[in-house]
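Peer 1: Any chance you could fold what I've pasted below:
(one chain, ligands or ions: 1)
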Amino acid sequence: MPSGIYLIGSRDGAERNLMTANWVTQVASEPKTIGVGIERDAVTHGLIQRSSKFSVCILSRADRALVRSFVKPCEFDPESNSLSGYAVVETEAGLPVLASSLAYFDCEVSGTLEYESHTFFAGEVREVRFLAESEEAEVLRMEDTRMHYGG
Ligand SMILES: Cc1cc2nc3c(=O)[nH]c(=O)nc-3n(C[C@H](O)[C@H](O)[C@H](O)COP(=O)(O)O)c2cc1C
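Peer 2: So this is what the prediction gives:
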């Protein structure tokens with residue numbers, strides 16, 4: 001299915017992570033809600049379950065190579081405030097987002113659907129921020145990469 005490709009940020013206390021995901025979709029406009037399908041055995045899954053929060057980073061096409069760095073759990077370096085070597089900033093709720101994101105959504109889980117392989121977390125959008133210098137910046141889509149994901 002055609003889709004975008006995003007980084008999902010999650011955090012529980014000192015533990016934080018960013019992961020590459022393309023099973024991400026808009027769910028409702030009132031209240032604004034975004035949903036993500038997350039593998040049950042992913043670090044991100046546990047962090048979202050424990051904190052009931054996640055962030056969604058909209059990436060620049062120029063950053064298409066970096067999604068490969070977020071298909072395994074990240075290492076956090078507090079000195080440089082980076083995850084797996086990439087600078088991060090925090091949303092108002094304290095979730096990590098990639099500093100070079102064009103924009104991000106910060107969501108609070110408002111519903112879950114559990115399946116054998118994945119959980120669908122629906123999250124109400126609490127904060128939206130544009131980080132891009134220009135709204136003309138090109139957004140990364142799945143077809144800009146040679147990657148695929150079948151769960
Ligand atoms: C192109 C691509 C898209 C992906 N999309 C998803 C996704 O939508 N949901 C998911 O759970 N994992 C997805 N993955 C797999 C995760 O990135 C990978 O399992 C990661 O290890 C899980 O992250 P974590 O254990 O660090 O939380 C995708 C991987 C790739 C390469």
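Peer 1: and G94, what is it in contact with?
Peer 2: By Cβ atoms under 8 Å, 6 or more residues apart in numbering, the contact set of G94 is R11. For every residue, glycine as well, the C-beta is placed using N, CA and C.
Peer 1: so the closest residue in space to E143 that isn't next to it in sequence is in which element?
Peer 2: Among residues not flanking E143 along the chain, P2 sits closest, at 7.1 Å (Cβ to Cβ, 6 or more residues apart in numbering). Under the criterion of DSSP states H and E, P2 resides outside all helices and strands.
Peer 1: Quick check: P2 touching M142?
Peer 2: Yes: with contact defined as Cβ atoms under 8 Å, P2 counts as touching M142 (6.9 Å).
Peer 1: who's more crowded, the two?
Peer 2: In this view P2 and M142 are compared by other Cβ atoms under 10 Å, and M142 has more residues nearby, 17 against 7.
Peer 1: ok, now how distant is the more buried one from L98?
Peer 2: Distance, M142 to L98, by Cβ to Cβ, to the nearest Å: 17 Å.
Peer 1: how about the residues of the chain that lie near the ligand?
Peer 2: 5, 17, 19-23, 37-39, 42-44, 71-73, 118, 147, 149 (Cβ under 6 Å from any ligand atom).
Peer 1: on that earlier part again, pLDDT value on the residue nearest to E143, please?
Peer 2: What the model reports as pLDDT for P2 is 91.
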